[in-house]
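A.B. asks: 3D model of this:
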Amino acid sequence: MHLKGKPIGTDLLHADHDDDKNRSEVAPSISVTTTFRGADPRHGLEHSDLLDPLNPSRHVYSRYTQDVSHRAEKILSKINGGFALTYSSGLAASYAALVHYAPKRVAITDGYHGFHSTLEVYKKSKGSGFQVIGLDDDFQTGDICWLETPLNPTGESRNIKYYADKVHAVGGHLIVDSTFAPPPLQYPLKFGADAVMHSGTKYLGGHSDLLCGVLVVKTAAEWNKLWSDRTYTGNMMGSLESWLLLRSLRTLHLRVPRQSSNATELVQWLHKLSGVPADQRLDGIQGGIIEKVWHSSLQAQTASWDIRAQMEGGWNATFGIFLRNKEHAALLPFLLRNFTPATSLGGVESLIEQRLQSDPGADPRLVRISVGVEDIEDLKDDLREAFKRLVKEKPKL
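C.D. replies: Prediction:
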């Protein structure tokens, strides 16, 4: 296990406190107002058109800015080393990135099926001239390389610097979906990404109770362009979601390393089980159930590039396992006590799903596991008992 990522705890707690001397609240209130009192000309306040949305001295209308989402964005900017803007969901942020860069071609291979559907929506605005190509195809001027790393649903890493160099050589841009590796695990801007996307619904939110998307760019000028697009497409976060996100960010540095540590230990254990023949046992579990385990920590053992340097703060906490038959994959999630059978990932509670249940294109033997902050031995005991039951029970399919 490696957990060398830069400390971010103080920034998570205090990066939004520049003007706290004017506040009496320790925990910020939920801001539900849509509109704010106008500027009294007798007080010499700036006209609304002159306000800086990145650092507003006051708020006018919540579609432009409001206090809680602004505070969350200040924290996200600080910990990501860029300029962060929040959206109503991860796919809303993804679509905003497409609109911003306006590519005629997007290079992408595999990854989250939802974004592939978003590309189909974007294609409607571009017509027959829009193309989707593979990551290993030749790039052209103006291309966008959309790199998801670690990859959904397997948790394998891709080389950010390699694809940054490749697309920059032709004048294109690299967008990295870093949902599986939020700070302090991975910082894509350091390796050449032009923009970073997070589905904040997952680890940034961390409690399975909000929808959120985040884009992080390198300059204030680019942030302002994205902010203008967001203002007039109306895909900002709601008031409650903004408050939930701000609350959740305070503990990101406590949750994510714990999830990473738990997942890495589980992966090593499951990987050993995958090598046990069907006529043998390990740790009381019959072999032949697991065929393969995917994870960046396993990939790093044989990769030709330094995955550990890219994943500087630890390994991803979501990964995939491949069972030998689809019946076991369908039944396993429902034999567990401490893993909830549900889609999504990144919450404090461990989740597990047969990936086919949410992604129609997935192999029915693939199971995705999102590891939470429970005690690791309880998670292992739970899986151990489930594997024992798995060979005895049959699903009603």
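A.B. asks: so is the spatially most central residue of the chain in a helix, a strand, or just coil?
C.D. replies: What sits nearest the mean C-alpha location of the chain, by Cα atoms, centre = their mean, is T179, with 1.6 Å. Following DSSP: H, G, I helix; E, B strand; the rest coil, T179 is assigned to coil.
A.B. asks: Show me the helices in the stretch 51-200 of the chain, by range?
C.D. replies: With helices called from DSSP state H, counting those that start in this stretch, the stretch 51-200 of the chain shows them at 67-80, 90-101, 113-126, 160-168.
A.B. asks: Redo the ones you listed as JSON lines? Include mean neighbour count, mean pLDDT and distance to W315.
C.D. replies: (Glycine included, C-beta is placed from N, CA and C.) Below are those laid out as JSON lines (neighbours: other Cβ atoms under 10 Å; pLDDT from 0 to 100; distance: least, Cβ to Cβ, whole Å):
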{"stretch": "helix 67-80", "mean neighbour count": "23", "mean pLDDT": "97", "distance to W315": "19"}
{"stretch": "helix 90-101", "mean neighbour count": "22", "mean pLDDT": "98", "distance to W315": "21"}
{"stretch": "helix 113-126", "mean neighbour count": "14", "mean pLDDT": "96", "distance to W315": "23"}
{"stretch": "helix 160-168", "mean neighbour count": "19", "mean pLDDT": "98", "distance to W315": "16"}
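A.B. asks: Ok, which of the ones you listed comes nearest L270?
C.D. replies: The closest of these to L270 is helix 113-126. By Cβ to Cβ, the value is 24.0 Å.
A.B. asks: helices or strands up against the closest one?
C.D. replies: Packing partners of helix 113-126 (3 or more Cβ pairs under 8 Å, 6 or more residues apart in numbering; DSSP states H and E): helix 90-101.
A.B. asks: just the angle between the helix it packs on and helix 113-126, please?
C.D. replies: Here helix 90-101 runs at an angle of 40 degrees relative to helix 113-126 (axes from the mean of the first three to the mean of the last three Cα atoms, to 10 degrees).
A.B. asks: which residue lies farthest from the center of the protein?
C.D. replies: Distance-from-mean max, the chain, by Cα atoms, centre = their mean: R42 at 46.8 Å.
A.B. asks: For it, give me the pLDDT.
C.D. replies: R42 carries a pLDDT value of 77.
A.B. asks: Also K4?
C.D. replies: So, for K4, pLDDT stands at 56.
A.B. asks: wait, which of the helices of the stretch 51-200 of the chain is closest to G361?
C.D. replies: Nearest to G361, of all the helices of the stretch 51-200 of the chain, is helix 113-126, at 6.1 Å by Cβ to Cβ.
A.B. asks: CA atoms only: put that closest one into PDB for me.
C.D. replies: The C-alpha trace of helix 113-126 is given here as PDB (Å, rounded to 0.1, in the frame of the first residue of the first chain):
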ATOM      1  CA  HIS A 113     -21.500   3.500 -20.700                       C
ATOM      2  CA  GLY A 114     -23.400   6.700 -19.600                       C
ATOM      3  CA  PHE A 115     -20.900   9.000 -21.300                       C
ATOM      4  CA  HIS A 116     -21.100   7.000 -24.500                       C
ATOM      5  CA  SER A 117     -24.800   7.800 -24.500                       C
ATOM      6  CA  THR A 118     -23.900  11.500 -23.800                       C
ATOM      7  CA  LEU A 119     -21.800  11.400 -26.900                       C
ATOM      8  CA  GLU A 120     -24.800  10.300 -28.900                       C
ATOM      9  CA  VAL A 121     -26.800  13.300 -27.600                       C
ATOM     10  CA  TYR A 122     -23.900  15.600 -28.500                       C
ATOM     11  CA  LYS A 123     -23.800  14.100 -31.900                       C
ATOM     12  CA  LYS A 124     -27.300  15.400 -32.600                       C
ATOM     13  CA  SER A 125     -25.900  19.000 -32.500                       C
ATOM     14  CA  LYS A 126     -23.000  18.100 -34.800                       C
END
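A.B. asks: Need the contact partners of that helix.
C.D. replies: The contact list for helix 113-126, computed with Cβ atoms under 8 Å, 6 or more residues apart in numbering, reads 90-91, 94-95, 98-99, 104, 106, 108, 130, 132, 146, 148, 177, 359-362.
A.B. asks: Could you count how many residues lie near R355?
C.D. replies: R355 has 22 neighbours, counted by other Cβ atoms under 10 Å.
A.B. asks: got the phi/psi numbers for it?
C.D. replies: When quoted as degrees, to the nearest 10, the phi and psi of R355 stand at phi -60, psi -30.
A.B. asks: which SS class is the closest residue to it other than its chain neighbours?
C.D. replies: Sequence neighbours aside, A362 is the residue nearest to R355 in space, at 3.9 Å (criterion: Cβ to Cβ, 6 or more residues apart in numbering). On the three-state scheme (three-state DSSP), A362 is labelled coil.
A.B. asks: Quick check: A362 touching P153?
C.D. replies: Yes: between A362 and P153 there is a contact under Cβ atoms under 8 Å: 7.1 Å.
A.B. asks: Quick check: neighbours shared by the two?
C.D. replies: Common neighbours of A362 and P153 (criterion: Cβ under 8 Å, 6+ apart): R355.
A.B. asks: Who has more neighbours out of these two?
C.D. replies: Set A362 next to P153 and count neighbours by other Cβ under 10 Å: P153 wins out with 26 against 19.
A.B. asks: Pull the contacting residues for the more buried one.
C.D. replies: With contact set as Cβ under 8 Å, 6+ apart, P153 has these partners: T318, G320, R355, D359, A362, L366, R368.
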